[in-house]
Every structure is written in structure tokens, then in C-alpha cells.
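J.: Compute the structure for the input listed below.
(chains A and B)
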Protein chains: 2
Amino acid sequence: MAENRKKSGPGKPRASRAAPSLKKTKASPDVSPLAPDQFPSLRAIEGVEAITARTGERYKGRTDLTIFKLAPGTTVAGVFTKSATASSVVEWCRANLKKGKSPSARLLVVNAGNANAFTGKDGRDAVKAISTAAAQAYGCKQSEVFLASTGVIGEPLNYHKILPAFRLAPRPLTPAGWKKAASAIMTTDTYPKASTRQAEIDGVPVTISGITKGSGMIAPDMATMLGFIFTDAKVPAEILQGVLKSAVGGTFNAITVDSDTSTSDTVLLFATGKAGVAPGASAHFTGPGDRRLADFRARLHEVMEDLAHQIVRDGEGATKFITVRVKGGVTPASARKIAFSVANSPLVKTAVAGEDANWGRVVMAVGKAGEPADRDRLAISFGPHLLADKGIRHPDYDEAVVSDYMKGNEIEITVDVGLNKGEARVWTCDLTHGYISINADYRS
Amino acid sequence: MAENRKKSGPGKPRASRAAPSLKKTKASPDVSPLAPDQFPSLRAIEGVEAITARTGERYKGRTDLTIFKLAPGTTVAGVFTKSATASSVVEWCRANLKKGKSPSARLLVVNAGNANAFTGKDGRDAVKAISTAAAQAYGCKQSEVFLASTGVIGEPLNYHKILPAFRLAPRPLTPAGWKKAASAIMTTDTYPKASTRQAEIDGVPVTISGITKGSGMIAPDMATMLGFIFTDAKVPAEILQGVLKSAVGGTFNAITVDSDTSTSDTVLLFATGKAGVAPGASAHFTGPGDRRLADFRARLHEVMEDLAHQIVRDGEGATKFITVRVKGGVTPASARKIAFSVANSPLVKTAVAGEDANWGRVVMAVGKAGEPADRDRLAISFGPHLLADKGIRHPDYDEAVVSDYMKGNEIEITVDVGLNKGEARVWTCDLTHGYISINADYRS
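T.: Sure thing, here's the model as predicted:
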């Protein structure tokens, strides 16, 4: 929804963040101070080709359309927003994933600038026109065309500007090509985001590479957070879906920028199968938890965690990256709820922005989570420093030392609930004047 | 928790808001621009006496202690924070209310500056010392002493500074006395808050007057929001409790300042009974819903709604008072959840701060509420202006007209979910640089 920021009514995105130059470096004042030093070098994945285009549908002078062409036999898995007002595009992808036992994908088309959300019948017409034209142009079934749209909400998508791009021929992805794709899907992001890992399945090396976009409102939202992950591993769709779903919980669904969780939006995982299978092995797995997939799962988790962190590091106005760990909860789910209560608390987030080790606000956030907690067993640490223990301020608490810790830009808050063994870890950023400026200062 | 703001670690409250001058007028830049024009004129309630004092426990140069003395036979009802980390004071009041079938109250002692929360055994010792001394000084049982503390969390309360005040003799309340009491319970509030109404029970006139405090973190919090309501009506405690509980839902529990609901804190209702009963009538009622109490309930609701609104109008950094109405929900509870999802959304609140009728963000907030909603039936209005209807932007939407409406400082957002008849109404304020400054800018 960050995309729905504009100078005057739903329509124009903020010029300064909405049309980022792709040449910006970390030194640029417009790039998040928490951005990684450089864009990672991603290599080609066999069976994945892509091309970017400038449609001019909304943004001028930048790429805004990315077409991924996938080899025949590519399997696909997806997780989406839980929003009751999901966009037509999300509905389209969901329907495609439900077709047949093992859904396959041949195309992924992503447009940035217009989310095609809350656009009624116009929106559904646009989805139909784009998927029909894409399927014809690239010779596949409509059910194999996956779509994602991100940008303003409530504006009809002028799909006629998008269709001409289907004359373009996608190409194997070079490192520069990956960066172009990661940049073309951006809206209010201040830097392109990607991650890559190598894994092994039965000794066969496979590559897992992903790109993502998201900055404000990392939330149960419409097409704000997009993540696309590609691999040459050979994994059936039903197994892929299970692997993706279990990886989302601790990665994309464990981040929050502005009080909402990212249980939403669109994450698609495509497996071209081009890496093949080991001699004598098969691509049949007992389930998503099959031990032969252990390394693949671990590396996929790393890619997704890295991408999720990059979204938080691009949080609107962020100056501090905050890890909230909760241990001692009655269950992992309870610990997670407490962790999000802390990570979503505006008072905790403003305290971190103010470099203030305000553990009283953490106590408050734990208390309001609605989960079992015992005031007199609670312990709270900021980084390695124990501030409060057994319900009172720790006698050794040295404010000067902790104040120094708070000046860093990576802050870890640990809460020990002291009741059982439930643990959780979530990530967020601080809440600053930058957030307000980005989201409220249109008319000033 | 707003009180836990300080320049250096939990300890010192912000000087500028924490020690408000009682002489400040609306013209002062430190008083909320949404403050009422003047403090209402409250008259004495028979059986209620009060006095304020300066203990110097934390605040210097201002009153910080209020002692209410209540006539024998005063009944009492209370609702409290649902926080799992509630303070010792809240536990004390809860225990007193559970004693006997019809709890009575003879004293209410409120200190501002220190919440006596998360203070472990020290906190319980302080509660014991204060209640013991107060009961001795004013000749009542400890179970008839009610306490409330508000201020910083995690700092031991130096109760020795409070005890000498129990030499003071409370006096019947003049209009000036009410204002002094409402001022002495303030922490970060920018103005004292009170409300009064006349009601009738069986034709007997009774008065209902209340004071409240609260500004930031109107939340399931510890002693941040306090509300004390007094009446000379003769109502048994068990009936009073039911009446209070049902009035809280649509008043103190229907407001939010910074993403948390006020299902918490402390609201106490005292009934001295000094108005007596009508000739031939009795103070026996069939239940909280007794028709004879209809006018009393209605006027009490008005007092509590007025006080609740005054808290929102003093929200940290607030420049707009926002009413969120939801109709067409599947149930009232569902409508309420959607209303809070809108009222708590940082993106909706920053949009209002920016005077931007960003209905796309309202769609987002409805969608993420986790409640039944149908995108294609949704209608959204800002004030009298219908912006979106049946899932798309309304064809008559005139941005210039709506932009003009957004310049006012009373904004009403109406969402029609279009599914059934569930309705709800909640109140909040906008999210501005002022909020960030108050909560993060300690070290700048």
C-alpha cells in the first residue's frame, strides 16, 4: 500500500521514491542507510529467461514491466495475501495453482506502478487481456501464465500499454539482467533486492535465486510485497508447495515494518528441473520434509530470510534494523505473538529510533500481547545487556553502557518470558520522522 | 507507557509534557489543538471530598497526588487493564473489588509520575504501606482504599514521600477543586479532562461527574489511562459493576491513539448514594439493565464517551480527530474489528495527517482485518463524500471537493462492508511528526 502514496489523492506515486534511479548507490541520501553494500552477483538459471520493458503505464523514464519465460516442465508453488480485498491478479494466480494436480508455469509477468486492485470488472478484464495476449505471444496455456501487479490501488490498469511488450524475446539472465529485473519490479523501494545460494539434491548441484520488492506497509496487503524465487532443481509442484509454505513462516511472514505482518502479498517459487536428477535417483520425494531435500530447504530458507531482511532494511524511514527474540513462551505460537507485539509497538519502535533502551515499553508490549506472561519471571535484554530480570530492573544495569549499544544500527531485543520453551524471532525497523514524511507530507 | 518517555533511560519523564502548567490555555503551543475550549464547570457531589498535594516523588513544582474521601456506604465498580504485566496497584484494586458481595470504597488515592509497575516486591511493599497508612489516617478498612498510579515503569516508588499527605483533610469539591484534581492526575496530558451530566432515577435527580487522564499509548497498558467517575446515585455495587462494564465497550474501549485499544488501565465508578431514593422506591434493581436505570445509563455513557473523546483529542501529536464508522459487517464484533483495523493503520492515520483522502489505504485496512468482507460490495465515504462504491472508485468522485473536506480537523471515515447489519464506531487521531518527536527525540 506504500504505493498508494501520492501528492494528491489516489493516483500519483511520490516522485522521489516511486521512480528510483537504478544507478543510486548507498551514498545517495535517497537509499536506505541499512541497504546492503552491493547487489549480489546472480548467475543464470537454466530454463529461466527474462526481459524488462518501459511501458509508460504509470512511471515515466524507468522500466516497469518484467517478463520471465520458463522452460516447459517448470513446476510452481505460491503463497498469497490473506486480505479479504485481494486483487484480481492474486485471484488469477490462486486459480492457476489450483488447476490440475501439479501446476506448471511458463510465464511470469510483473508490472510495477499499478496494483490493479479494487478495480472491479475493469481489473478482471485487464487480467484476461494480459494473460490471453501473453499466452498467444509465447505459445503456452493461459493457466501457465502467472501475473503480479504492484503500485497504486483503485486506478484502472491501462493494459493496452503493456501488451506491446509481448513482442520482446526474454533472454538468459546475466548478473546485470537479474539486477535489471529486480529494479523493474520496484515501486517505493530505494534499492533492488536479490539473493542466491547453491544447494545439493542427491549430490546434484542446484541454484536458488530470488528477487523481491517491498518497503512500506509490509502487511496483509495487496501486491505490496512481491517475491519471486527460481531454481533449476527438479521438484514436483505439490512438494514445492509444501517446502515454500514451511519456509515462509520464519522468513517473509516474520517481518513487519508498520504494524502489520507480511502474511500476504505474493511469493512464487518456480523450479525448472533443468538441473536434472542424480543417476539412479528420481524426482519422487516422500513429502516436503523428505531428508533428501534437507539442503535444498536450508538454502531456500537462507535466500528467503535474506530477501525478507532486505525488505525490512528498506522499511520506510528505517535507520535501525531490529531483531526481536522471544524465548520461554508457553508455545512457539505464543512466543511469536509476543514478538510481533513488541515489533509492532510504535512506542518500542520510536524508542529505538531515539536510541533509548526503554525496556519499560517492552514490558508493556509483552503485557498487551494477550499471551501468558508472568511479570515476576520476565527478563529483558538489549543486545548482550540484561536490563530487567525477575520482574525488576537488574541491579547491574549500567545505562551508559546500554546507551552506547543503542547507537548501533543493528539492535537485538530479547525477551525471556520464563514460562516454557516456546521461541520465536521476528524482524522490524525503527519508526522515525522519515516514515511520517514519506506517508503524510504530500500536501506540505 | 507514554509516561515512560525520558531523556536518558527509564527514569526521567519528558520535562516539557510531564510537568504541565495548570494555567496553560488552548492558545499555548503545548496544548493539543483539538482540546475543548474550556474546562467544564463541575459541582460538588455529596459524599465526595478531595484534596491535592505536591509530594515531589518525581515531579517538581506541581501537584501529583490526589486523595478522594468517600462517604460511608459508597459502592464501587471497576474495570482494569487486561495486560499480563499489570501493576501491583491494579492487582490491589482487583482484589478489593472481589472482597464481599458488595464492595465499598472510602478512599481513592492517585499518584502521578510513577506507575509503580514492574517493581516486583518493592511495588507490593509500597502498595501495602500506602493503603495501611491511608486506612489509619482516614479511619477505614484497607479493603476500602482504592489506589491508582501512573507514570514511569520500572522505577521503585518512593512511598515515604506520599505518606505525609495523609495528614491533609479532603474538602467538598468546588468547580476549582475538580479542575485541581483533574490536573493533579495528569502525566503527559496537555490539558485536564472532565465531564458531567445530570440524570434521574425514579424522578430523583443525581449527578454523574468524572475526570480522566491519558494521552499516548491509549492501550492495554499499565496505568496510562485512568478514569474516575463519581455519582451521588444510590446503586448497589453489583448493579454498578454491570452498568459500568456495558458502558466501557462503546466509550473507553472504543478509542485508540497508537495502534492499541484501551481495554485496559483503570476506570472506577463510585456511587455515594447521598441522593437517596424516591419515596416508596428502593435501591433494589432487577439488574444492570433495569428500566428504572435507563436515564442513569444514558447519561453515564455520555460522560464516559466525552472523557474518552478528550483522551483522543489529547493524543500525542494529534491534529485531527477521526471517527471511523463501519456498517454492513456480518456482526457488530466483526464491524468493530474492521473499524479498529482502519483506526490503527499507520498508513490511514498518516494519510489523514497529510489531508489526503486516500481511500486505497482504507481498502487495505479493511482487507487485512481478518473479517468477512467482499471487495466488490465495499463502499467508502469520507464525511458526506462517497469515494468508492461496489469495489471501484465512484464515478462522481471529485477530488477537489474531498480535499477541501480533509482540511477540517474532524474527519469521519465510513466503511459499508455491504454484507449484513453489524455496526461499530471507534475514534482515533492522526499520526504526525509530533508523535515521533514526543516519543523518539530524546537524544536529539
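
J.: what residue ranges in chain A score low on pLDDT?
T.: Within chain A, the stretches with pLDDT under 70 are A:1-29, A:216-223, A:257-264, A:441-444.

J.: domain ranges for it?
T.: Using automatic domain parsing, the domain parsing of chain A gives A:2-313, A:321-440.

J.: got those as JSON lines, with distance to B:Ala308 and mean neighbour count columns?
T.: Quick note: C-beta positions are derived from backbone N, CA and C, even for glycine. Shown next, in JSON lines, are the domains of chain A (distance: least, Cβ to Cβ, whole Å; neighbours: other Cβ atoms under 10 Å in any protein chain shown):
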{"stretch": "domain A:2-313", "distance to B:Ala308": "22", "mean neighbour count": "21"}
{"stretch": "domain A:321-440", "distance to B:Ala308": "18", "mean neighbour count": "22"}
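
J.: Distance to B:Leu97 added to those, as JSON lines?
T.: Output for the domains of chain A, formatted as JSON lines (distance: least, Cβ to Cβ, whole Å):
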{"stretch": "domain A:2-313", "distance to B:Leu97": "34"}
{"stretch": "domain A:321-440", "distance to B:Leu97": "20"}
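
J.: quick one, which of these is nearest to B:Val366?
T.: Nearest to B:Val366, of all the domains of chain A, is domain A:2-313, at 6.0 Å by Cβ to Cβ.

J.: could I get the domains of chain A as TSV with distance to chain B?
T.: Below are the domains of chain A laid out as TSV (distance: least, Cβ to the nearest Cβ, whole Å):
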stretch	distance to chain B
domain A:2-313	3
domain A:321-440	3
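
J.: out of the ones you listed, nearest to B:Ala294?
T.: Closest among the domains of chain A, using Cβ to Cβ: domain A:321-440, at 34.2 Å.

J.: Pull up the distance across that closest one, start to finish.
T.: This stretch, domain A:321-440, spans 23 Å end to end (Cα to Cα, to the nearest Å).

J.: Give me the distance from it to the chain's centre.
T.: 23 Å (Cα atoms, centre = their mean, to the nearest Å).

J.: and what of stretch A:237-246?
T.: In this view, stretch A:237-246 has its centroid 17 Å away from the chain centroid, taken as Cα atoms, centre = their mean.

J.: how near is the residue lying closest to A:Ala182 once chain neighbours are set aside to A:Pro33?
T.: Closest residue to A:Ala182 apart from its sequence neighbours, by Cβ to Cβ, 6 or more residues apart in numbering or on different chains: A:Pro192 at 3.6 Å. Using Cβ to Cβ, to the nearest Å, A:Pro192 is found at 17 Å from A:Pro33.

J.: With A:Val303 instead?
T.: For A:Val303 relative to A:Pro33 (Cβ to Cβ), the value is 24 Å.

J.: ditto for A:Arg167
T.: From A:Arg167 over to A:Pro33 the distance is 41 Å, taken as Cβ to Cβ.

J.: again with A:Ile380
T.: Taking Cβ to Cβ, one finds A:Ile380 at 26 Å from A:Pro33.

J.: Packing partners of the helix or strand where A:Ala298 lies?
T.: Here A:Ala298, judged by DSSP states H and E, is contained in helix A:294-313. In terms of contacts (3 or more Cβ pairs under 8 Å, 6 or more residues apart in numbering or on different chains; DSSP states H and E), helix A:294-313 is packed against strand A:193-201, strand A:204-213, strand A:226-231, helix A:237-249, strand A:321-329, strand A:422-429.

J.: Which among those is found nearest to B:Ala281?
T.: Among those, strand A:321-329 comes nearest to B:Ala281, with 54.1 Å by Cβ to Cβ.

J.: tilt between that closest one and helix A:294-313?
T.: Computed by axes from the mean of the first three to the mean of the last three Cα atoms, to 10 degrees, the angle separating strand A:321-329 from helix A:294-313 equals 120 degrees.

J.: who does strand A:321-329 pair up with?
T.: If you go by DSSP bridges, strand A:321-329 pairs up with strand A:410-416 (parallel), strand A:422-429 (antiparallel).

J.: Which SSE is immediately downstream of it?
T.: helix A:332-343.

J.: so how far is B:Ile380 from the residue located most distally from the centre of chain A?
T.: Here the centre of chain A is the reference, and by Cα atoms, centre = their mean the most remote residue is A:Pro395, at 41.0 Å. Distance of A:Pro395 to B:Ile380, given as Cβ to Cβ: 54 Å.

J.: picking that back up, please look at the residue nearest to A:Ala182 and A:Met186 and confirm they touch.
T.: Yes - with contact defined as Cβ atoms under 8 Å, A:Pro192 counts as touching A:Met186 (6.2 Å).

J.: Not counting its neighbours along the chain, what's nearest A:Lys179?
T.: A:Phe39 (5.2 Å).

J.: what sits against that neighbour?
T.: Each residue near A:Phe39 by Cβ atoms under 8 Å, 6 or more residues apart in numbering or on different chains is listed here: A:Lys179, A:Ala182, A:Tyr191, A:Pro192, A:Ala194.
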